[in-house]
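In: Dropping a prediction and its sequence here:
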Amino acid sequence: MKKALLIILISLIAVFGGFAVANAIHAVVMNDYIDSFAKVEIENQLTPKFDEDGVPYFETDDDFKIMHLTDVHIGGGVLSAAKDKKAINAVAAMVTAEKPDLVIVTGDISYAVPWSGTMNNRYAHEMFKRLMENLGVYWTVTLGNHDSEIYNFFGRESVGKIYEDSAFEYCLFSRGPAEIFGECNHVINVKNSKGLITESLIMMDSNSYTDEDPLGINWIYDHIRDDQVEWYEGVVEKYSAENRSVYESLPESERPANSEDFLTVKSMLFIHIPLMEVREAYENHLENSTEGKEDVLYIEGNVGEESPYVYCGKERSKIFNVMLSLGSTQAVFYGHDHLNNLVMEYKGITLSYGYSIDYFAYSDIDKIGAQRGCSVITCSPDTSFEIVHENYYQDKYPSKYEKEVVDMTK
């Protein structure tokens, strides 16, 4: 019996040791692949400045272009290599073609599950960081539930520190205040030459799983916590006050005609897990009765996930009601549900899924393509905005490596 157990133990050590060596070699190979992508050439590229609190901001009197990516799902291991390369190829192609001023990725960059060949999620995060830095476009992320699974080598705080590394030139990520919940609560502002904030981009941690479902087996997700909501409220009040101060200092002739759009700062919220109000809005949209429908405007897109269609947090966060009361946030962007790309307006706030990248997490998702792509958000200097969903398989996105053939009907 002891001999059999010893043989099993030695075999397990050999298997795990073999994977460790294979993954270390694989990481070098993947770095070479990532390094093959050229820097994006952007004419008159905007460079962020930093205010007295260290918050980055871009200054422009022209349109500001944001690319919203989500759910990249890089396995990072030797068994997911082929699909990881496809994901990296897709991201590089779209960023290179769109030449955005800023890329915001709303979580699930990593998918370091046993069948990827590694549970070391650092591999995936480092690969993505290397790609974005090589492309030379400013970027940031929010964290998703898969970015730090309970069995992964690096927890949520450690993942936040990976992205906060100051050695990286183009990454504008911050873990945010240490005293509040979450690891990615931070802000990037867009200002005009007069100093008025035309858009405040607020990234928040929608967190991961609940304590009752730490492995996520039952799809019971967390929500934005109360102290985070208080932080959000403080952000809006702070930048609204800043805008009012700047506005009052301007000569009458230089004040914008739409002053009300600046006195309460306009903002956008970027998270991973959709709010409960997204499900509520979609259910209202599906209802045969007219009750509640006056609050919902369907804009575009589809829901490809099965019932309950929107996999939001288990509990309702206070964030949506606070957004309504403050009148600042124009739109909320999120991912998480890879087959959904629905855009709605609910109670005056635009709720927008992003297109996912995922080749690996959903079964056979690498064989279909209607859901894969990006969102391009154009923020105008008058505080208005436009969202365009773009599919990766369009000719406008030539890729360095040949694109895979996929079923575009699904």
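Out: It's in.

In: wait, doesn't Ile220 sit right on Ser208?
Out: No - using Cβ atoms under 8 Å as the test, Ile220 is too far from Ser208 to be in contact (10.4 Å). The C-beta positions use only the backbone N, C-alpha and C, and glycine is treated the same way.

In: Who has more neighbours out of those two?
Out: Ser208 (24 against 16; other Cβ atoms under 10 Å).

In: got a pLDDT number for that one?
Out: pLDDT for Ser208: 94.

In: And Ile8, by the same measure?
Out: Residue-level pLDDT assigned to Ile8 equals 52.

In: All further residue positions should be reported with the first residue as 432.
Out: Got it, first residue is 432 now, which makes that one Ile439.

In: Pull out the buried residues from stretch 465-476.
Out: 465, 468, 471, 473 (16 or more other Cβ atoms under 10 Å).

In: ok, and what's touching it?
Out: 519, 523, 526-527, 530, 532, 558, 561-562, 565-568, 831 (Cβ atoms under 8 Å, 6 or more residues apart in numbering).

In: Return the subset of these lying in helices.
Out: 519, 523, 526-527, 558, 561-562, 565-566 (DSSP state H).

In: I'd like to know which of these is nearest to Met775.
Out: Here the nearest of those to Met775, counting by Cβ to Cβ, is Val526; it sits at 26.9 Å.

In: my read: that closest one touches Val534, true?
Out: Yes - using Cβ under 8 Å, Val526 makes contact with Val534 at a distance of 6.2 Å.

In: Common neighbours of the two, please.
Out: Common neighbours of Val526 and Val534 (Cβ under 8 Å, 6+ apart) are 498, 563, 568.

In: Looking at those, which is nearest Ala688?
Out: Of all the shared contacts of Val526 and Val534, Ala688 sits closest to Met498, with 29.8 Å by Cβ to Cβ.

In: Could I get the contacting residues of the closest one?
Out: Applying Cβ under 8 Å, 6+ apart, the residues contacting Met498 are 525-526, 529, 531, 533-535, 805-808.

In: Spatially, what comes nearest to Ile505 if we skip its sequence neighbours?
Out: Distance criterion Cβ to Cβ, 6 or more residues apart in numbering; nearest residue to Ile505, sequence neighbours excluded, is Ala555 at 3.9 Å.

In: Check the gap between the one you found and Glu835 for me.
Out: Using Cβ to Cβ, to the nearest Å, we find Ala555 at a distance of 20 Å from Glu835.

In: if you count what's nearby, which of those two comes out ahead?
Out: Ala555 (30 against 17).

In: Look at the more buried one and give its secondary structure.
Out: Following DSSP: H, G, I helix; E, B strand; the rest coil, Ala555 is assigned to helix.

In: Let me see the ranges of the strands in the stretch 682-831 of the chain.
Out: In the stretch 682-831 of the chain, the segments counted as strands under DSSP state E, counting those that start in this stretch are 698-701, 727-731, 760-765, 774-777, 780-784, 804-810, 816-822.

In: Stretch 787-795 - what's its average pLDDT?
Out: The model assigns stretch 787-795 a mean pLDDT of 98.

In: Flag every buried residue along it.
Out: For stretch 787-795, by 16+ other Cβ under 10 Å, it's 787-793.

In: Send over that stretch as CSV, restricted to the C-alpha atoms.
Out: Output of stretch 787-795 as CSV, limited to C-alpha atoms (Å, rounded to 0.1, in the frame of the first residue of the first chain):
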residue,chain,number,x,y,z
SER,A,787,-16.1,39.7,-26.0
ILE,A,788,-12.8,38.3,-27.3
ASP,A,789,-13.0,34.8,-25.7
TYR,A,790,-11.7,31.8,-27.6
PHE,A,791,-11.3,29.5,-24.6
ALA,A,792,-13.8,29.9,-21.8
TYR,A,793,-17.1,29.0,-23.4
SER,A,794,-17.2,25.6,-25.1
ASP,A,795,-16.7,25.9,-28.9
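
In: Would you check how far apart the closest residue to Lys778 other than its chain neighbours and Ser511 are?
Out: Nearest residue to Lys778, sequence neighbours excluded (Cβ to Cβ, 6+ apart): Asp726, at 5.0 Å. Counting by Cβ to Cβ, the gap from Asp726 to Ser511 is 42 Å.

In: neighbour count winner among those two?
Out: Ser511 (25 against 16).

In: Any chance of the backbone angles for the more buried one?
Out: With angles defined as degrees, to the nearest 10, Ser511 sits at phi -110, psi 10.

In: again with Phe481
Out: Dihedral angles (degrees, to the nearest 10) for Phe481: phi -130, psi 130.

In: Show the pLDDT at the nearest residue to it once chain neighbours are set aside.
Out: With sequence-adjacent residues excluded and distances taken as Cβ to Cβ, 6+ apart, Phe481 is closest to Pro487, at 5.5 Å. Pro487 carries a pLDDT score of 98 in this model.

In: Equivalent analysis for Ser631, please.
Out: On pLDDT, Ser631 comes in at 99.

In: Can you name the residues that contact Ile593?
Out: 553, 556-557, 560, 585.

In: quick revisit: and the buried ones among the contacts of stretch 465-476, selectable in ChimeraX?
Out: Buried subset of the contacts of stretch 465-476, written as a ChimeraX selection, criterion 16+ other Cβ under 10 Å:
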select :519,523,526,527,532,558,561,562,565,566,567,568
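
In: Tell me the one of the contacts of stretch 465-476 nearest Glu595?
Out: Of these, the one sitting nearest to Glu595 (Cβ to Cβ) turns out to be Arg561, at 15.9 Å.

In: Please report how far the closest residue to that closest one other than its chain neighbours lies from Lys831.
Out: Of all residues not flanking Arg561 in the chain, Ile465 sits nearest, at 5.0 Å (Cβ to Cβ, 6+ apart). Per Cβ to Cβ, Ile465 is found 11 Å from Lys831.
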